[in-house]
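[1] Below are the sequence and a predicted model; questions follow.
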Amino acid sequence: MYLAQMPSLTSLASAVPAETHGASTDVPASLQAAPLVILLPLLGAALLLLLGRRSDRWGHWLGVLMSAGAFVVGLILFVGLTGLDTGDRVYDMTLFEWIPAGTLDVSAGLRIDPLSVTFVLLVTFVGSLIHIYSIAYMEHDENRRRFFAYLNLFVAAMLVLVMADSYLLLFVGWEGVGLASYLLIGFWYHERANAVAAKKAFVMNRVGDIGLLVAMMLMLATFGSLNFSEVFAQAPEASAGIATAIGLMLLLAACGKSAQFPLQAWLGDAMAGPTPVSALIHAATMVTAGVYLVVRSAPVFESTPTAQLVVVIVGAVTLIFGAIVGSAKDDIKKALAASTMSQIGYMILAAGLGPVGYAFAIFHLVTHGFFKAGMFLGAGSVMHGMDDGVNMRRFGGLSRFMKVTFVTFGLGWLAILGIPPFSGFWSKDKIIEVAFIPVDGQEWRAWVFGLAALIGAGITAFYMSRLFFMTFTGRRRWNDGSGSVSGAGPQDGDVRHPHESPKLMTVPMIILAIGSVALGGILAWGDMFVTWLEPVTGHAEHGEPVLAPWVLIVLTLLLVLAGIALAWRQYTVADVPITPPRGSALTRAARKDLYQDDVNEALVMRPGQYLTRTLVYADKEIVDGSFMGLGAMFSRSASVWRKAQNGYVRTYAATILAGLIVIVAVVLALAS
Amino acid sequence: MELMHYIVLSGILFSIGAATVLLRRNAIIVFMGVELMLNACNLAFVTFARMHGDAQGQVIAFFVMVVAAAEVVVGLAIIVAIFRSRRSASVDDVNLLKN
Amino acid sequence: MSTGEDVLFWILAPLMVIAAMGLLFTRKAVHAAVAVVFVMISLAVLYIAQEAPFLGVVQIVVYTGAVMMLFLFVLMLVGVDASDSLVETIKGQRWIGALLGLGLVAIIVGVVVQVTFPPAVGLPADEQTNPVTLARILFSDYVFTFEVVGILLVTAAVAALVLTHRRRLEPHRGQKERADEKVARLPEGGRLVSLPAPGVYAQHNAMDVPALDAQGRPIPESISRVLRIRGQARSESSILESERDVMVEHMPDHSLLSVRADLPDTAGTDGAADAHPGPDARPDDGPPDDATPSGTESEDR
């Protein structure tokens, strides 16, 4: 009956711009199903984990069912929201009394508004597709059922994160996705490297979590509450220092979760997990949680221009960093991971620009979710066909053997480049345009960050094209075992028989490719998406960019085409060497992730180890040593004093007499 | 005459007795030094009794004598007992508590 | 206070000091004891000079007479000729002793000299004699102390007994054991009864004349072994003969004569003498053979 109320396109956008306002707690009937969104995947995870091996044969279908069910409920919520006035689209639904602790009275509840529903749809839709993909991808793995349990757990936790109505509940979801990420990265934990990568991801996330905890503590101390409604209402009155502190701590948390500089080192290693994990968690959803946090905390950030500037700087640095690293990676998944890092840098950059950028950050987040997930699934398909090989120097010319993969991957590639009319163009170019708008009249900011975004786009084009060409075009660099026939490729190395993937894998890829193509255009029609988000982000009157928008579009396109051409020349026309050439210093540095691990080790790990070693040493030497030393000192001094007892009575008599004389002399001296 | 002289004499005798205790090794001679010290004290008591006109000094001296006698009895018995078992009357030999 | 006392003091004091130094420096323990005796007697004299005659006498009787004598007894027990070597064994003790002794003297004299003593009051000159005064104080103010000191003396006596008590190491040899030993020694020629004390039955007291036992028989062992070996002991028969001669001459009625069976009946003896020659008429032997190997013949003078 709710679907009968067909949402017209116009009802998504309203003629009158809506202002952000507080949430209403009177949740209409159409939105009452919200808890179901979380409960279904949670139930799936619980069942699959508790039933254990008994559910091995049908577990994956249950996982898919729960995820798809959550998507259906999400759709109901979406329809319900669109049926409401744009001014009435923010709701806080209280579920139960959670922590009644005197002044800290937190109840668990859900916030249903356009932002959260957007995320719900993204997570459940892409998530369900990846669930289906995983049925075939993990077919030969005996732990497939456990994999689906963890996937469901992840979906549930992510939904808690995006639907929470307080920072505390958000933190529960935050930790939950961190846990799911750890479990999934280290899914094949029998390989030590995978376990180490999972640990690294978790520990670096923990550093970010400290930021969130400190921010929550500050909020509690300043505002007395952790609920969004109360915090956002009081945020404008907070002192600049407090607001900046909260903002920076929230940024730290976002950096940890979204792999932004300086907490970006874990994302490359996280590719040790199965490819569906990389697609879902480390491309489309978990890593975007940081962006969600920043955008959700908009009222806090708007009170502190300093923190906003830091956010923008972090985004700019990361997008360049990721782009440089991605240009030198030969592992297809690691290159895609660097690309994710870079694209999220774009989103963070946009989110730091204030109300003008929030909507575009989310827009790019949604489109990125589609094309990046699609590309990751494509990479998984390539790996599947190449016996799980990931070295792109051993790919080449695969377009003939994996046509569907080639096409879907290609569409995603075009989208990320920002070629119109694919979806990336609509979102990324808008970000570049917004980056060029001076904030508070400071033109240098527009130039610096705008140019950074622009150049980043060029480098993105280069390395994504490099990835695409190295994999699919050019001559084959793999051994097909057909003997030394000319043009057959090198005869060394493992024999590969690339083939297309089964339908269960290709169909999700196709759907995602459709999204990569069309979604951007659809959502940009009439600023539909921006207005849809306005109840949350607020309407922003933005100034003009320092360069005219059409100039920016042309410049971007030119850079992109240059990047494509460069990559074509180097990786399709020319022969790609199988052994990586030495390359320039920058290339070598980029291969080593711009020394991020060395820096982390030197700055944090080694001092930490020294600290613990020092503490152990101090404990042993100082604490133990002090009382042992006290005992030793006593026994040593006693053995010295012992010699005064020579056993001779006459010595003792002499001592007595001497004492007597001394006492009398002292008394004499004192008395006189 | 100056009664101080008696006191000084008493002091000198006391010191000589003390030096005997410190310097001689034969237990009996050491004991005799102790007796000398006690006698020096007696002299001082008697002198003070005379000085203050109070006979209590003499009473105390009397008690000192009695106690000294008892002490000599016991002390010599100990020396005899030790001599019987060790065949030596030197105080330096009773150094078992050394160190 | 008076010049007589002055003179007394100035004579005695240096002597006492010298005697005390003697105690410190003599090598022989007995010399030290004598020096101490001298000091104590001088002290008694000084007490008497200081209006404490009772104490002075007690000093001599108890201290000198009992305590110092006790010292001397123990010295003899321990070894009166044991001389202490004056070599010092403990390092530095000599210097320490000298230093401390001198230091003590200096301290005491220093203290004393600084005090101004009131002039001697002297004991109250009432009718009581010194012992009575002392007794009055002793039994009124200090009676408890007195009793306790009495207990102390008893304790000291018991202590002396306990300390010098020797433990019996062998079983006690009482009268029965001694008698058994004597009987056991009989086969080897031991004697059961003890010999009479010298001179009990003696007729002569010359060294070469044997003593007589209770039955009038001479005991050869009573002559010195040397004389027996030399053969200068006189035999009984000659002794008896000379005896008889004498007795006949001087005491014809002596009962002993009448008992002798070998004597001629010259004294008008009753038949009782003949009636029982008895065991008394045992023929005299000369000295037993074991004593005189070759001098048997030459014994007759």
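    Perfect, I can see it now.

[2] Assess the claim that A:Arg144 and A:Trp58 are in contact.
    No: between A:Arg144 and A:Trp58 there is no contact under Cβ atoms under 8 Å: 11.0 Å. In this view, the C-beta of every residue, glycine as well, is placed from N, C-alpha and C.

[3] Show me which of the two is the more surrounded one.
    Set A:Arg144 next to A:Trp58 and count neighbours by other Cβ atoms under 10 Å in any protein chain shown: A:Arg144 wins out with 20 against 13.

[4] can you pull the contacts of the more buried one?
    Residues counted as contacts of A:Arg144 (Cβ atoms under 8 Å, 6 or more residues apart in numbering or on different chains) are A:Asp56, A:Gly59, A:His60, A:Ser134, A:Ile135, A:Met138.

[5] make it 10 Å
    Contacts here follow Cβ atoms under 10 Å, 6 or more residues apart in numbering or on different chains; on that basis A:Arg144 touches A:Asp56, A:Arg57, A:Gly59, A:His60, A:Gly63, A:Ser134, A:Ile135, A:Tyr137, A:Met138, A:Pro274.

[6] Sticking with the fourth one, tell me its helix or strand.
    Looking back up the chat, that one is A:His60. helix A:59-82 (DSSP states H and E).

[7] what stretches of the chain score poorly on pLDDT?
    If you meant another chain, say so; for now it's chain A. Scanning chain A for pLDDT under 70 picks out the ranges A:1-22, A:441, A:481-489, A:491.

[8] actually chain C
    Residue ranges of chain C with pLDDT under 70: C:1-2, C:80-89, C:122-128, C:196-204, C:214, C:216, C:236, C:254-301.

[9] and it, which of its residues are near chain A?
    Selection of chain C residues close to chain A by Cβ under 10 Å from any Cβ of the partner chain yields C:88-93, C:96-97, C:99-101, C:103-104, C:106-108, C:110-111, C:114.

[10] mind listing which of those residues are in helices?
    Mapping these onto helices (DSSP state H) picks out C:93, C:96-97, C:99-101, C:103-104, C:106-108, C:110-111, C:114.

[11] sec struct for A:Glu97, please.
    Using DSSP: H, G, I helix; E, B strand; the rest coil, the structure places A:Glu97 in strand.

[12] Any regions of chain B where pLDDT drops low?
    In chain B (pLDDT under 70), the answer is B:1, B:89, B:94-95, B:97, B:99.

[13] ok so, going back, would you mark the buried spots in the helix holding A:His60?
    Using 16 or more other Cβ atoms under 10 Å in any protein chain shown as the test for burial, helix A:59-82 gives A:59-60, A:62-71, A:73-82.

[14] cool, and stretch C:229-243?
    By 16+ other Cβ under 10 Å, the buried positions in stretch C:229-243 come out as C:Gly231, C:Gln232, C:Ala233, C:Arg234, C:Ser235, C:Glu236, C:Ser237, C:Ile239, C:Leu240, C:Glu243.

[15] Show me what the helix holding A:His60 packs onto, helices and strands only.
    Applying 3 or more Cβ pairs under 10 Å, 6 or more residues apart in numbering or on different chains; DSSP states H and E, one finds that helix A:59-82 contacts helix A:9-12, helix A:34-51, strand A:104-112, helix A:114-137, helix A:144-163, helix A:528-537.

[16] These into JSON lines, with extra columns for distance to C:Met251?
    Listed next are the helices and strands packed on helix A:59-82 as JSON lines, based on distance: least, Cβ to Cβ, whole Å:
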{"stretch": "helix A:9-12", "distance to C:Met251": "182"}
{"stretch": "helix A:34-51", "distance to C:Met251": "149"}
{"stretch": "strand A:104-112", "distance to C:Met251": "147"}
{"stretch": "helix A:114-137", "distance to C:Met251": "162"}
{"stretch": "helix A:144-163", "distance to C:Met251": "151"}
{"stretch": "helix A:528-537", "distance to C:Met251": "171"}
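
[17] Compute the distance between A:Trp174 and C:Pro220, please.
    Distance of A:Trp174 to C:Pro220, given as Cβ to Cβ, to the nearest Å: 135 Å.

[18] pull the longest helix from chain B.
    The longest helix of chain B (DSSP H) is helix B:56-86.

[19] So is it next to chain A?
    No: using Cβ under 10 Å from any Cβ, we find that helix B:56-86 stays clear of chain A, coming within 12.1 Å at best.

[20] what's the spacing between that helix and its chain's center?
    Per Cα atoms, centre = their mean, to the nearest Å, the displacement of helix B:56-86 from the mean C-alpha position of its chain is 9 Å.

[21] try stretch A:194-207
    13 Å.

[22] which parts of that stretch are buried?
    A:Asn194, A:Ala195, A:Ala197, A:Ala198, A:Lys200, A:Ala201, A:Phe202, A:Met204, A:Asn205, A:Val207.

[23] again, but for stretch A:300-311
    Quick answer for stretch A:300-311 (16+ other Cβ under 10 Å): A:Val300, A:Phe301, A:Glu302, A:Ser303, A:Thr304, A:Pro305, A:Ala307, A:Gln308, A:Leu309, A:Val310, A:Val311.

[24] Domains in the chain, by residue range?
    Since no chain was named, I'll use chain A. Following automatic domain parsing, chain A resolves into domains at A:1-189+A:259-292, A:322-591, A:601-671.

[25] could you do chain C instead?
    Listed by automatic domain parsing, the domain ranges of chain C are C:1-81, C:197-299.

[26] re earlier: tell me which two of the buried residues of stretch A:194-207 sit farthest apart.
    A:Asn194 and A:Val207 (21.1 Å; Cβ to Cβ).

[27] To what extent is the closest residue to A:Leu168 other than its chain neighbours buried, counted in neighbours?
    Nearest non-adjacent residue to A:Leu168, counting by Cβ to Cβ, 6 or more residues apart in numbering or on different chains: A:Leu226, 4.8 Å away. A:Leu226 is flanked by 24 other residues according to other Cβ under 10 Å.

[28] The one 10 residues further on too?
    By the other Cβ under 10 Å criterion, the neighbourhood of A:Pro236 contains 11 residues.

[29] Contact partners for the closest residue to A:Ile99 other than its chain neighbours?
    Leaving aside its chain neighbours, A:Ile99 sits nearest to A:Val106 (4.4 Å; criterion: Cβ to Cβ, 6+ apart). By Cβ under 10 Å, 6+ apart, A:Val106 lies in contact with A:97-100, A:165-169, A:220, A:225-227.
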